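**Student:** Would you be able to build a 3D model of this:
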Amino acid sequence: MKWFWYASPETFYPLAGKIARASGIVAAALLLAGLYVGFLVAPTDAQQGEAYRIIFIHVPAAWMSMFLYVVMAFWAALGLAFNTRLSGMMASALAPTGALFTFIALWTGALWGRPTWGAYWVWDARLTSELILLFLYLGFMALQAAIDDPRRADRAGAVLAIVGVVNIPIIYYSVQWWNTLHQGASVSLTRAPSMAATMLTGMVLMALAFWAYSIAAALVRVRCIILERQ
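**Tutor:** Numbering: from 1, shown residues only. Prediction:
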């Protein structure tokens, strides 16, 4: 495949439409499967009861909020380094979806925190750093919207996105670096998961559904940006 051929917004536009449609269908199928496993098949937690089931939305949303920021910063840095138009467009297209998942993570975390901690919000290290992530997304979009010239807006947003990457490891390692109320990771690449297989299955299905949705949403949005800038 001629990858550089698709570096042009004009040639990438039709490919983005095809991938977006396929990703949307995959996202819908995975979402239905994930909700079914998570809310109907997975067993009730011995300590938290049925309230724990919000984990099937909260955790994948939190994963995606961090992952999408890294991807957004990557595209922004690529555009800043090589002055490619499509890179800046991709960063702009990813930001609203990243902000959405960050908001979902914070909102579901508050709903989960009420029966678990007795409060919707505490200034826990992970919650606070996740809130900062939401502000970074919103700041990125506001900064770009405040600058009329798209190329200057892309460059200014890229600087903010790259600087904000430092917050991602803070979010991830916050429960290890500080004494917080937030529980540690139930799923890790370095050890076996501390949950039932059906729980893990439901969480993975939801994460894949959110991933496919992010691809579809970002590509639909970048097609709109391409049309606006032509």
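
**Student:** Now the helix or strand containing residue 133: buried residues?
**Tutor:** Assigning secondary structure by DSSP states H and E places residue 133 in helix 125-146. Of the residues in helix 125-146, 125-131, 133-134, 136-137, 139-141, 144 count as buried by neighbour count, 16 or more other CB atoms under 10 Å. All C-beta atoms are positioned from the backbone trio N, CA, C, and that covers glycine.

**Student:** Check stretch 169-176 too.
**Tutor:** Neighbour-count burial for stretch 169-176 flags 170-172, 174-175 (criterion: 16+ other CB under 10 Å).

**Student:** Mind picking the lowest-pLDDT entry from these?
**Tutor:** Looking at these by pLDDT, the weakest one is residue 175, with 67.

**Student:** Residue 195 should be in a strand, yeah?
**Tutor:** No - using DSSP: H, G, I helix; E, B strand; the rest coil, the assignment for residue 195 is coil, not a strand.

**Student:** and it, how many residues sit next to it?
**Tutor:** For residue 195, the tally of surrounding residues (other CB atoms under 10 Å) stands at 18.

**Student:** Give me the below-cutoff pLDDT ranges for this protein.
**Tutor:** Across the chain, the stretches falling below the confidence threshold (pLDDT under 70) are 1-6, 46, 175, 177-194.

**Student:** contacting residues for the spatially closest residue to residue 156 that is not a sequence neighbour?
**Tutor:** Counting by CB to CB, 6 or more residues apart in numbering, residue 156 lies nearest to residue 143, which is 5.5 Å off, once chain neighbours are set aside. When the contact criterion is CB atoms under 8 Å, 6 or more residues apart in numbering, the partners of residue 143 are 153, 156-157, 160.

**Student:** Nearest spatial neighbour of residue 168, chain-adjacent residues omitted?
**Tutor:** Computed as CB to CB, 6+ apart, the closest residue to residue 168 that is not its neighbour in sequence is residue 66, at 5.3 Å.

**Student:** Would you tell me what helix or strand the one you found is located in?
**Tutor:** Counting by DSSP H and E, the element that carries residue 66 is helix 55-82.

**Student:** Many thanks, I have nothing further to ask.
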